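# after the sequence you'll find the predicted model.
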Amino acid sequence: MLVNGSTESEHGINEYACGRSGIGSSEGTWRDAEDGVLSMNAIQQGAVDSTIAINLEIEPFGSATAFYWICVGQRYREVRELDHYVARETPARIIARTASYWYTWVNRAEKTFPDLPEEISTSTRRSLLIVRRSATTMAESLRQRLRRRVGA
C-alpha cells in the first residue's frame, strides 16, 4: 500500500504518521495531527491508522486543491507503477476522464428511453450506475476466487 498526494504546484506528502488505533490507550494518528505537526512515524504493527499532511498556501478568501490517492497491490512494484501513473496523468485529469466516461455511459439510457419523464430518467440513470457497480464488484470477486482455485 502506498499513499501519495499533490497540489497544483507540488507533488508529494509533507508529513505523515502511522500509528496504533484502538489498542490500549492508543486513539489513532488523528491525535498526533491536533498540534499541526505529524510524528513522521513510518511503520506500525497490528491495528493501525495513518494521517498525512499536504501543505497549501492560500490567500485570504482564496481556494486551493489538494489531491491524495492510495495505491494498493500485491507487490511493491505494482503500487509504485500505479503511483507513477497517477503522478504522470495527474489526479485532475484522471477524475475528469472518469467523470466523462460514466456520464457518457449512463446517458446512453436516454437514447434507449427517450420518452421517459425527467424524474424517472434520473432514477433510471442512478439505478444503472448502482447495478453496473454491483455487477463489476461481483465479477471481480468471482475472478479472484477462480484465480485462487487455479493457483494463478
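Thanks, I have it. Numbering: from 1, shown residues only.
# hey, let's count contacts and neighbours off CA atoms from now on
Noted.
# list the contacts for Glu8?
Contact analysis of Glu8 by CA atoms under 8 Å, 6 or more residues apart in numbering lists Thr65, Ala66.
# what of the one 10 residues further on?
The contact partners of Cys18, taken as CA under 8 Å, 6+ apart, are Thr29, Met40, Asn41, Ala42, Ile43, Gln44, Val48, Asp49, Ser50, Thr51.
# neighbours around Gly62, how many?
7 (other CA atoms under 10 Å).
# and Gly36, how close does it get to Asn55?
11 Å (CA to CA, to the nearest Å).
# between those two, which one's more packed in?
Neighbour totals were compared for Gly36 and Asn55, and Asn55 leads with 14 against 9 (other CA under 10 Å).
# backbone phi and psi for the more buried one, please?
The phi/psi pair for Asn55 (degrees, to the nearest 10) reads phi -80, psi 140.
# mind checking how far the nearest residue to it once chain neighbours are set aside is from Leu38?
Distances taken as CA to CA, 6 or more residues apart in numbering put Asn14 closest to Asn55, at 6.5 Å, once the chain neighbours are dropped. For Asn14, the distance to Leu38 (CA to CA) stands at 9 Å.
# tell me which two of the contacts of Cys18 sit farthest apart.
Using CA to CA, the pair of the contacts of Cys18 lying farthest apart is Met40 and Val48, separated by 14.4 Å.
# what do Asn14 and Leu38 both touch?
In contact with both Asn14 and Leu38: Ile52, Ala53, using CA under 8 Å, 6+ apart.
# more neighbours: which of those two?
Legend: neighbour count by other CA under 10 Å for Asn14 and Leu38, higher for Leu38 (20 against 15).
# could you pull up the residues touching that one?
Counted by CA under 8 Å, 6+ apart, Leu38 has contacts Glu15, Tyr16, Ala17, Asp32, Thr51, Ile52, Ala53.
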